[in-house]
Structure formats: C-alpha cells, structure tokens
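J.: coords below, sequence missing:
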C-alpha cells in the first residue's frame, strides 16, 4: 500500500496531464451517466472521500471505512467504465491486493461537484 501511495504522490507532483475538455465530460456523462450520478451522490454525502473499490455484493470485504464502494452487480461493465476514467486521467488505479482500488482525481471531483444547473 505504501508503494502505491508513494507512486501516486510522485505522479501527481510530476505534473501529470489532466484533461479540462468539456467535450470529454459530455461524452462520459452520455456513456456512463448512472455510474457518474452515483459517484456524484457519494461525493455530495462524503465530500472528502477520494478512494473507492469495485466489489460484488456477494463478496466479503473488510472496509477500512474511508473508501466508497461501487458494485459490479449494479453496473454493466463497471471495470470498463472505470478504465475509461483512468484513460482520461480522472481516476488513478492504486490496487494493491485482489480488490480493484482507485482514487478520484480532483478534476473529476470538481466536475461531479458542480451545481447541475450550471452545466
């Protein structure tokens, strides 16, 4: 876990490219609106949480308490959608065990936290 967090910090300090393209967010909202709306609601309820995991509801998972959970049972091709978010550098993969684990990057948090009447 320490190695993953160190890598995350190094990559963020190096000025990793982030997108600020409105068209990208429009495309993502059209392709994965249900997932993004769930993330939006979670961030509204827990504005300081950034880590999330992908799970099946039937799995036993000992949560540390600081991560959000998204379920394969609720979203067709959940992993594919999250991979697209990784491709746009909006989330970062920080998996260190058998559970897929990611961190929201602030550009996505900012987008999801916007007042929907502004968009």
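T.: Nice, thanks for sending it over. Nothing here was measured: the structure is a model prediction, and the numbers come from that model. Residues are numbered from 1 along each chain as shown.
J.: pLDDT score for the residue nearest the centre of the chain?
T.: The chain has residue 104 as the residue nearest its centroid, 4.2 Å off, counting by CA atoms, centre = their mean. You'll see residue 104 listed with a pLDDT of 97.
J.: contacts only, for the nearest residue to it once chain neighbours are set aside.
T.: Among residues not flanking residue 104 along the chain, residue 50 sits closest, at 4.8 Å (CB to CB, 6 or more residues apart in numbering). No exception for glycine: its C-beta is placed from N, CA and C like everyone else's. By CB atoms under 8 Å, 6 or more residues apart in numbering, the residues touching residue 50 are 103-104, 109.
J.: can I get those residues in JSON lines with secondary structure?
T.: Output for those, formatted as JSON lines (DSSP: H, G, I helix; E, B strand; the rest coil):
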{"residue": "103", "secondary structure": "strand"}
{"residue": "104", "secondary structure": "strand"}
{"residue": "109", "secondary structure": "helix"}
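J.: for residue 54, give the beta-bridge partners.
T.: Bridge pairing for residue 54 (DSSP bridges) gives the partners residue 70, residue 100.
J.: following element in sequence after the helix or strand bottoming out on mean pLDDT in the chain, please.
T.: Lowest by mean pLDDT, DSSP states H and E among the helices and strands of the chain is helix 2-13, with a mean of 54. For helix 2-13, the following helix or strand on the C-terminal side (DSSP states H and E) is helix 22-31.
J.: how many residues are close by residue 73?
T.: 10 (other CB atoms under 10 Å).
J.: and the nearest residue to it once chain neighbours are set aside, which of the three is it?
T.: Spatial nearest neighbour of residue 73, chain neighbours left out: residue 57 (4.9 Å); criterion: CB to CB, 6+ apart. Following three-state DSSP, we place residue 57 in the coil state.
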